[in-house]
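Trainee: Quick one: sequence plus predicted model below, questions after.
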Amino acid sequence: MRNVKQDPEKRKTTVKRGNRNVRKQKRLDWKKLLIRAMRLFLGVCCTVLIVIGAALLVKVVVDSDFFAVKTINVSGNKHLTVQDVIDLSDIRHGVSTFDLDLEMIGQKLAENDWIRSAHIMRKLPQGVVINIIEHNARFIINLDYLYYVDDAGEIFKVLRRGDQLDFPLITGIDRQQLLAQPQVVTKRLRYIAEMIDELDQRKYFNLDCVAQINVEAKGCYTLYTDPLGVPIHVGDDHFGEKIDRLEQIFSDVKRRLPALAYIDLSVPDEVIMKMVSQPN
């Protein structure tokens, strides 16, 4: 017969429930938990104090005279003077370099008609660098008022008293065309800028020989000589090749200018000169 009694010394300390053994729960060590909590609290407090102290130290250093603006360097200016640019930037000596809103200063500078773009940098500890790119006026266009146009064909400034007038004048484009066909007009202005760049590199028939450029109804171009205003028809393409032909005989053409009604370069490989009709 099976003995169902167990030896008290051999009793197990676990009780089977189903297929799992359930152990007796250990008692929590509240002292250790309290010590850990105190250590964590002290660590957080120390971190906060360090961050606050560092922030206060940075503020004291930044607000000190060590970072006060003493030098403002300007580059890229041709039309505007250095003082013009500094005045437009509204940067004052003595202000902290960290108080400057560089983006806002750049936008303020770009509001000036002559400035295409501006880039502002801090040069720590006490300097500011302003680099600007100005519009390069290449010709004047008549749109009810006279405007400067730059080398990219961009109309950028209305002429005012005292502005330089020694530029070729562009006619044949009016304000209504500009508003109705902005892309077409911009393309033509860019082509005129290319023509002027080409003339600027010439030795005999160059930019000094041109007083006016007229844009014809069909998009062809006519130059008017300076002096005498003799028309030179150049069509709408291959401008460099046509000026090559004119330069080869320009010494002779120049002597004849007073007697010429016009010069036509629009015919390939030809230089056609029409004489002024003589009265009977």
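Mentor: All right, it came through fine.
Trainee: lowest-confidence helix or strand of this protein?
Mentor: Lowest by mean pLDDT, DSSP states H and E among the helices and strands of the chain is strand 15-17, with a mean of 49.
Trainee: can you give me the helices in the stretch 51-200 of the chain?
Mentor: 82-89, 102-110, 175-180, 182-200 (DSSP state H, counting those that start in this stretch).
Trainee: Relative to L40, which of those is closest?
Mentor: helix 102-110 (42.3 Å; CB to CB). Heads up, the C-betas are built off the backbone N, CA and C, glycines and all.
Trainee: List the buried residues for the closest one?
Mentor: I105, G106, K108, L109 (16 or more other CB atoms under 10 Å).
Trainee: Among these, which one sits closest to R39?
Mentor: For the buried residues of helix 102-110, the nearest to R39 is I105 (49.6 Å; CB to CB).
Trainee: In terms of pLDDT, where does that closest one sit?
Mentor: I105 carries a pLDDT value of 96.
Trainee: what sits against it?
Mentor: I105 makes contacts with S89, D90, I91, A118, I120, as judged by CB atoms under 8 Å, 6 or more residues apart in numbering.
Trainee: Repeat the analysis, applying 6 Å as the threshold.
Mentor: If a contact means CB atoms under 6 Å, 6 or more residues apart in numbering, then I105 has S89, I120 as its contacts.
Trainee: wait, doesn't V95 sit right on V69?
Mentor: Yes: with contact defined as CB atoms under 6 Å, V95 and V69 form a contacting pair (5.4 Å).
Trainee: Tell me which of these two has more neighbours.
Mentor: Neighbours were counted for V95 and for V69 using other CB atoms under 10 Å; V69 has more, 20 against 14.
Trainee: which residues touch the more buried one?
Mentor: H93, V95, T97, V128 are the contacts of V69 under CB under 6 Å, 6+ apart.
Trainee: ok, of the residues you listed, which one's closest to R36?
Mentor: Using CB to CB, the contacts of V69 come closest to R36 at T97, 46.5 Å.
Trainee: Could you report the neighbour count for that closest one?
Mentor: Quick note: T97 (other CB under 10 Å) scores 20 neighbours.
Trainee: Give the closest residue to G76 in space, chain neighbours not counted.
Mentor: I132 (4.4 Å; CB to CB, 6 or more residues apart in numbering).
Trainee: And the strands in the stretch 101-250 of the chain, which stretches?
Mentor: 115-123, 127-134, 137-143, 145-150, 155-158, 169-171, 210-215, 221-225, 231-235 (DSSP state E, counting those that start in this stretch).
Trainee: quick revisit: if I look at the residue nearest to G76, what pLDDT would I see?
Mentor: 97.
Trainee: Tell me what it is bridged to.
Mentor: For I132, the beta-bridge assignment (DSSP bridges) gives partners A118.
Trainee: which residues sit in contact with it?
Mentor: Per CB under 6 Å, 6+ apart, neighbours of I132: G76, N77, I115, A118.
Trainee: Can you name the two of these that sit furthest apart?
Mentor: Pairwise over those, using CB to CB, the maximum falls at N77 and A118, 10.3 Å.
Trainee: Counting neighbours, go ahead and name the busier of the two.
Mentor: Neighbour count, other CB under 10 Å: between N77 and A118, A118 has more, with 23 against 18.
Trainee: Spatially central residue in the chain, please.
Mentor: Centroid-nearest residue in the chain, with CA atoms, centre = their mean: S117, separated by 4.2 Å.
Trainee: Might one say that that one is in contact with I133?
Mentor: Yes: in this structure S117 lies within contact range of I133 using CB under 6 Å: 4.9 Å.
Trainee: before we move on, the earlier item: tell me how far the residue nearest to the centre of the chain lies from Q107.
Mentor: Using CB to CB, to the nearest Å, S117 is found at 10 Å from Q107.
Trainee: And F156, by the same measure?
Mentor: 16 Å.
Trainee: again, but for I141
Mentor: Taken as CB to CB, the span from I141 to Q107 is 27 Å.
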